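Q: Next comes the sequence, and after it the predicted model I'd like to discuss.
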Amino acid sequence: MGWFALFWLTAIFSVFYVALPAFARGLAAQRSWTRRIAESYVTTSFVLQFTILVLGTAGLALPGLVLLVLVGSFALETIRNRRRLLQSSVWRDTAVQLLQPSGRARAFALLQRKTLAVRAMHREGCLWAILFAAYFFSRAYFAAGNLRFLDGENYSRALSLAVLSSGQPWQIDSSIPLLLPLQILSALPAPAVISFAGPLVSVLFVLAVAFLAFEYARSRYAALLASAFCMVAPTWRGGVAGSELGAAELAAMFIVLGVGLARRSRVCALLAATLAISISASPPFFMTLMTGVLCVALATAVDRVVRYLPREWRSNLRSFATAATLVMLVWSTPSVSADGPHQYEAAARACDEFARKLDRNTWLVVSPSEEVPFLYGRGWHIQLASFAAQFSPTQLADPSFRFTYPVRDVFIFVERKPLRPTAVATIAPDVVGASTATPNQSSVQRASLQFKAARLLAAYQKTHNDLKVVHDTDSLTVYHLPGALALGRH
């Protein structure tokens with residue numbers, strides 16, 4: 001996983017949420033390429049959001065139907081905006097023109113005119129590339145190097161996405177439907193998609209702020225300043241430095257896009273507002289939205305002052321703004337701290353290793369609920385609290401005792417240093433049973449539970465020789481023992 005998976009998910013998003021919708025919408029001369037991309041992205045997101053919501057509530061959000069909706073939206077948009085391409089005479093005339101030298105020259109000149117806006121950015125484009133590369137790296141650094149979450153709410157989101165993609169009864173989470181096509185197309189597990197979507201949403205929000213500034217100030221410099229202000233403004237970030245997905249950021253992004261499109265495409269603005277309201281209307285959403293608007297207002301004011309300066313001064317100010325933003329990105333810290341940790345990194349990596357190496361649904365993990373999203377649909381899970389309540393040391397110390405779990409492998413996670421989360425998070429109910437996903441215990445309860453589990457395994461080990469340690473760190477020990485299938489019992 002890591003950086004390669006993150007770039008893979010980003011490439012899929014760029015193709016299926018940006019490039020293909022923009023191509024299907026057409027290359028009308030009266031619309032700028034930035035506005036066309038914004039309109040196509042909003043339209044595609046609106047169709048996917050509400051279609052998948054309907055399919056998910058009916059348990060029909062399966063890969064085939066979701067991909068059919070995605071491809072069908074491209075096809076319908078292409079037909080609606082490019083009816084002339086359905087005429088055979090258009091294709092015949094185009095082929096004849098390309099076979100002639102003069103026709104190829106005209107086609108090349110047309111291509112040059114269409115890419116003129118990109119080439120016109122020149123130096124500003126380099127500054128944009130430097131800023132967004134640094135910002136993306138700072139937002140994605142934690143997600144690319146860790147499997148766990150620091151925001152307890154994202155454990156619920158990961159489990160919700162896994163339940164939705166499997167076609168099981170789904171408890172509606174409106175921040176999830178837009179991520180389902182990404183999971184299907186990338187073939188990444190649900191926790192990875194949730195984790196990598198965080199940096200992606202952060203970058204999209206900054207781009208939306210830049211788009212709003214450009215639409216109202218008609219200045220690339222104002223857009224650059226607005227994005228720089230937004231990158232270093234800590235008030236809108238959630239999770240660990242904004243690297244984890246938050247519904248507030250996702251909803252605010254659509255509102256900002258809608259405001260930018262309001263003057264020239266009221267339909268798209270209405271779709272964006274509907275999308276945002278369906279995702280979140282919480283206080284963090286309004287804080288995020290106000291941060292973006294204030295960044296745009298400040299950038300527009302600075303841009304109007306800078307216009308009165310000599311040209312060479314303006315150029316130097318752009319470079320200075322970029323350098324200052326890079327420095328602040330390095331030293332800035334989020335104002336909203338994470339409510340974790342809720343899980344050791346070793347526990348998440350152990351689940352990921354079991355899921356990759358063992359056959360599906362032939363193994364079982366006994367642990368707290370945080371591990372459920374990492375093994376849902378690939379293995380089974382039992383709450384450590386249920387395990388501790390079901391057995392006693394005397395029962396497990398009996399030489400004739402055997403576990404009756406109908407799997408080949410059983411893995412038991414015991415924390416040698418029980419975690420002390422700063423907040424209590426609730427994992428969404430799992431379809432396997434209510435006992436597999438319950439609220440986290442307090443620090444004292446969690447420590448007591450870990451002690452009970454360790455005591456049970458110590459009693460079992462005294463009279464059995466099949467208990468093995470497969471992962472051992474200073475903080476976590478993972479035990480392995482055979483299930484009923486491995487012992488030949490059913």
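A: Right, received. Where do you want to start? Numbers count the residues shown, from 1 in each chain.

Q: Quickly list the domain ranges of this structure.
A: Listed domain ranges for the chain are 3-86+122-331, 345-482 (source: automatic domain parsing).

Q: most tightly surrounded among those domains?
A: Mean neighbour count (mean count of other Cβ atoms under 10 Å) peaks for domain 3-86+122-331 among the domains of the chain, with a mean of 20. Heads up, the C-betas are built off the backbone N, CA and C, glycines and all.

Q: re the thing from before, can you put the domains of the chain in TSV and add mean pLDDT?
A: Formatted as TSV, these follow (pLDDT from 0 to 100):
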stretch	mean pLDDT
domain 3-86+122-331	84
domain 345-482	84
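
Q: so Phe7 is in which element?
A: When elements are assigned from DSSP states H and E, Phe7 belongs to helix 3-13.

Q: check contacts around the residue nearest the centre of the chain.
A: Taking Cα atoms, centre = their mean, the centroid of the chain lies closest to Ala197, which sits 1.7 Å from it. By Cβ atoms under 8 Å, 6 or more residues apart in numbering, the contact list for Ala197 reads 9, 179, 182, 245.

Q: now, among those residues, which is nearest to Ala129?
A: Using Cβ to Cβ, Leu9 comes nearest to Ala129 of the contacts of Ala197, at 20.1 Å.

Q: Contact partners for that closest one?
A: Going by Cβ under 8 Å, 6+ apart, Leu9 touches 182, 186, 188, 192-193, 196-197, 200.

Q: Please report the distance of it from Arg416.
A: 34 Å (Cβ to Cβ, to the nearest Å).

Q: can you check Ala38 too?
A: Ala38 is 51 Å from Arg416, by Cβ to Cβ.

Q: just to confirm, which helix or strand has Val47 in it?
A: helix 33-57.

Q: helices and strands around that helix, which ones?
A: Applying 3 or more Cβ pairs under 8 Å, 6 or more residues apart in numbering; DSSP states H and E, we find helix 33-57 packed against helix 20-25, helix 63-81, helix 180-186, helix 190-217, helix 247-261, helix 266-279.

Q: Which stretches in the stretch 351-490 of the chain count as strands?
A: Per DSSP state E, counting those that start in this stretch, the stretch 351-490 of the chain carries strands over the ranges 363-367, 380-383, 409-415, 468-472, 476-482.

Q: how about CSV for the ones you listed, with distance to Lys357 added?
A: Formatted as CSV, those follow (distance: least, Cβ to Cβ, whole Å):
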stretch, distance to Lys357
strand 363-367, 10
strand 380-383, 16
strand 409-415, 10
strand 468-472, 11
strand 476-482, 12
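
Q: Show me the one of those strands that comes nearest Glu345.
A: Nearest of those to Glu345, taken as Cβ to Cβ: strand 476-482 at 9.1 Å.

Q: Pairing partners for the closest one, with directions?
A: strand 409-415 (antiparallel), strand 468-472 (antiparallel) (DSSP bridges).

Q: Could you dump the ones you listed into a markdown table and include distance to Met287?
A: As requested, those are arranged in a markdown table below (distance: least, Cβ to Cβ, whole Å):
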| stretch | distance to Met287 |
| --- | --- |
| strand 409-415 | 35 |
| strand 468-472 | 41 |
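
Q: looking at those, which is closest to Phe401?
A: strand 409-415 (13.4 Å).

Q: give me every residue that touches Leu53.
A: Contacts of Leu53 by Cβ under 8 Å, 6+ apart are 172, 174, 177, 278.

Q: Tell me if I'm right that the first one and Thr57 touch.
A: Yes. Judged on Cβ atoms under 8 Å, Ile172 makes contact with Thr57 at a distance of 6.6 Å.

Q: All the helices of the stretch 301-450 of the chain, in order from the start?
A: For the stretch 301-450 of the chain, the helices defined by DSSP state H, counting those that start in this stretch occupy 311-331, 345-357, 372-375, 384-390, 393-397, 443-463.

Q: Reformat those helices as a markdown table; add distance to Trp3.
A: Listed next are the helices of the stretch 301-450 of the chain as a markdown table, based on distance: least, Cβ to Cβ, whole Å:
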| stretch | distance to Trp3 |
| --- | --- |
| helix 311-331 | 18 |
| helix 345-357 | 16 |
| helix 372-375 | 20 |
| helix 384-390 | 33 |
| helix 393-397 | 44 |
| helix 443-463 | 33 |
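
Q: do you know which of the ones you listed lies nearest Leu62?
A: helix 372-375 (19.6 Å).

Q: related to what we said a few turns ago, and of the strands of the stretch 351-490 of the chain, who's closest to Leu127?
A: When the strands of the stretch 351-490 of the chain are compared by Cβ to Cβ, strand 476-482 sits nearest Leu127, at 45.0 Å.

Q: quick one: the closest one to helix 345-357, angle?
A: Between the axes of strand 476-482 and helix 345-357, defined by axes from the mean of the first three to the mean of the last three Cα atoms, to 10 degrees, the angle is 30 degrees.

Q: CA atoms of strand 476-482 as CSV?
A: C-alpha atoms of strand 476-482 as CSV (Å, rounded to 0.1, in the frame of the first residue of the first chain):
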residue,chain,number,x,y,z
LEU,A,476,0.8,-5.6,21.4
THR,A,477,0.9,-9.4,21.2
VAL,A,478,-1.1,-11.4,18.7
TYR,A,479,-1.7,-15.0,19.6
HIS,A,480,-2.6,-17.8,17.2
LEU,A,481,-4.4,-21.1,17.9
PRO,A,482,-6.2,-23.6,15.7
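
Q: Contacts for that strand next, please.
A: So strand 476-482 is in contact with 344, 346-347, 350, 403, 408-416, 457, 460, 464, 466-472, going by Cβ under 8 Å, 6+ apart.

Q: wait, what's in contact with Ser186?
A: Ser186 neighbours (Cβ under 8 Å, 6+ apart): 5, 8-9, 12, 193.

Q: give me that answer again for 7 Å
A: 8-9, 12, 193 (Cβ atoms under 7 Å, 6 or more residues apart in numbering).

Q: Okay, Met253 and Tyr135: tell me how far apart.
A: 15 Å.

Q: cool, and Gly258?
A: Separation of Gly258 from Tyr135 (Cβ to Cβ): 23 Å.

Q: How about Leu212?
A: Leu212 sits 17 Å away from Tyr135, going by Cβ to Cβ.

Q: Please apply the same query to Val267.
A: In terms of Cβ to Cβ, Val267 sits 31 Å off from Tyr135.

Q: Next: Leu70.
A: Distance, Leu70 to Tyr135, by Cβ to Cβ: 28 Å.

Q: Need the CA coordinates for stretch 131-138. PDB is fine.
A: Included here for stretch 131-138 are C-alpha records, laid out as PDB according to Å, rounded to 0.1, in the frame of the first residue of the first chain:
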ATOM      1  CA  LEU A 131       2.400  24.700  -3.700                       C
ATOM      2  CA  PHE A 132       0.100  21.800  -4.300                       C
ATOM      3  CA  ALA A 133       2.800  19.200  -4.400                       C
ATOM      4  CA  ALA A 134       4.000  20.300  -1.000                       C
ATOM      5  CA  TYR A 135       0.500  20.600   0.400                       C
ATOM      6  CA  PHE A 136      -0.500  17.100  -0.900                       C
ATOM      7  CA  PHE A 137       2.600  15.600   0.600                       C
ATOM      8  CA  SER A 138       2.000  17.200   4.000                       C
END
